[in-house]
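Asker: next input, structure requested:
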Amino acid sequence: MLKEYERLLKKHKGKRDVVQVEFRRFVKANAEILTPLTHYDRIDEDGLYTGSRKVHNPKPGGYKYDVIHPVTKKVCIPPANGYRYPKDRMNELIDKGKILFGEDETQIIQIKEYLKDYEEKLSSVIHLDSRAGSNELTALFGEDKIFTNPKPAVLLREIFSYCLDSNDVILDFFGGSGSTGQAVMELNEGDNGNRKFILVQLPQLTDEKSEAYKAGYKKISDITIERNKRVVERIITAKKGAHPNLFENPDDTDALKGLGFKVFNLEKSYFPRTDWSPDANLSEAENVRTLK
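Answerer: Okay, the predicted model is just below:
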């Protein structure tokens, strides 16, 4: 929406009345995919905005004073719980044109809320196609049933966008098909982040009758590794498609930020294992396995 607004503003050389009309047509034509932002369809010198009741106090105990309607010169009906801001702050907002008045004093005032300041809330209910995880694997491998019940990367991206900062590290002890790695790299690609992931997946053998085994993936960890390789390749291919000369300049290595991974394998430890529980039934000479 912000890009379309900037495009129209440039196209019509800043004529906001014309931009307003065209932008509302754009919103109406794309309402289904723009929800819940369709009410951000008004324009002023600071950008796209909507009217919000955030100027009202959410619970009893707000500020009580008169706000005069600029046209009728009468006192506007106050919100039930009073105003959120003290009178001096309210006067400042009115002077800056940030308060929206109704046609007359019978309508409660609102404050301008700009799309550029919008922060989405994590929904308590997320609608998702139950085949999303399988479809993502099919798009990467071109084969069905490589992995049973994979976690959807699209869902993980949604969750990670709320709980991870741009430089955080996420640990997934059940790597499975590698959905977490894909979600993190795609999230980095979307916002230029530098998040990192650690996936743990035991080299559990795949069933010899399974599609994965027939396709050459003898262990589940083989799928984990291959999937994330293909995700990296797909992102790089997309980058080159958009910028054919990318990576020809040494400075272009920044385009790989947030991509790639290393693989660590379990090896025998040099340290003898000692029993740590009464029923372990392990000799002190038995070795544990550790990362190498």
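Asker: can we go C-alpha only for contacts and neighbour counts from here?
Answerer: OK.
Asker: just for this protein, where's the confidence low?
Answerer: Applying pLDDT under 70 to the chain picks out residues 122-123, 144, 250-255, 272-292.
Asker: 80 instead, please
Answerer: Counting by pLDDT under 80, the chain has low-confidence residues at 32-33, 35, 119-127, 143-144, 242-258, 266-292.
Asker: now do the buried residues in the helix ranked longest in it.
Answerer: If you go by DSSP state H, the chain has its longest helix at helix 220-242. Within helix 220-242, the residues that count as buried by 16 or more other CA atoms under 10 Å are 220-225, 227-229, 231-232, 235-236, 239.
Asker: which strands and helices lie in contact with it?
Answerer: helix 132-141, helix 179-191 (3 or more CA pairs under 8 Å, 6 or more residues apart in numbering; DSSP states H and E).
Asker: mean neighbour count, the ones you listed: which tops it?
Answerer: Comparing these by mean neighbour count (mean count of other CA atoms under 10 Å), helix 179-191 comes out on top with a mean of 22.
Asker: okay, now the domains of this structure?
Answerer: Using automatic domain parsing, the domain parsing of the chain gives 61-111, 132-261.
Asker: okay, how far is it across the last one, tip to tip?
Answerer: If I follow you right, that is domain 132-261. This stretch, domain 132-261, spans 24 Å end to end (CA to CA, to the nearest Å).
Asker: again with stretch 249-261
Answerer: Its first and final residues considered, stretch 249-261 spans 23 Å by CA to CA.
Asker: all further residue positions should be reported with the first residue as 602.
Answerer: All set: I'll call the first residue 602, so the last point we hit is now stretch 850-862.
Asker: show me where the stretch 652-801 of the chain has its helices.
Answerer: Residue ranges of the helices in the stretch 652-801 of the chain, as given by DSSP state H, counting those that start in this stretch, are 688-696, 733-742, 754-764, 780-792.
Asker: tabulate these (JSON lines), appending distance to K660.
Answerer: Output for the helices of the stretch 652-801 of the chain, formatted as JSON lines (distance: least, CA to CA, whole Å):
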{"stretch": "helix 688-696", "distance to K660": "18"}
{"stretch": "helix 733-742", "distance to K660": "42"}
{"stretch": "helix 754-764", "distance to K660": "27"}
{"stretch": "helix 780-792", "distance to K660": "36"}
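Asker: which stretch among the helices and strands packed on helix 821-843 comes nearest D667?
Answerer: Taking CA to CA, helix 780-792 is the member of those nearest to D667, at 44.6 Å.
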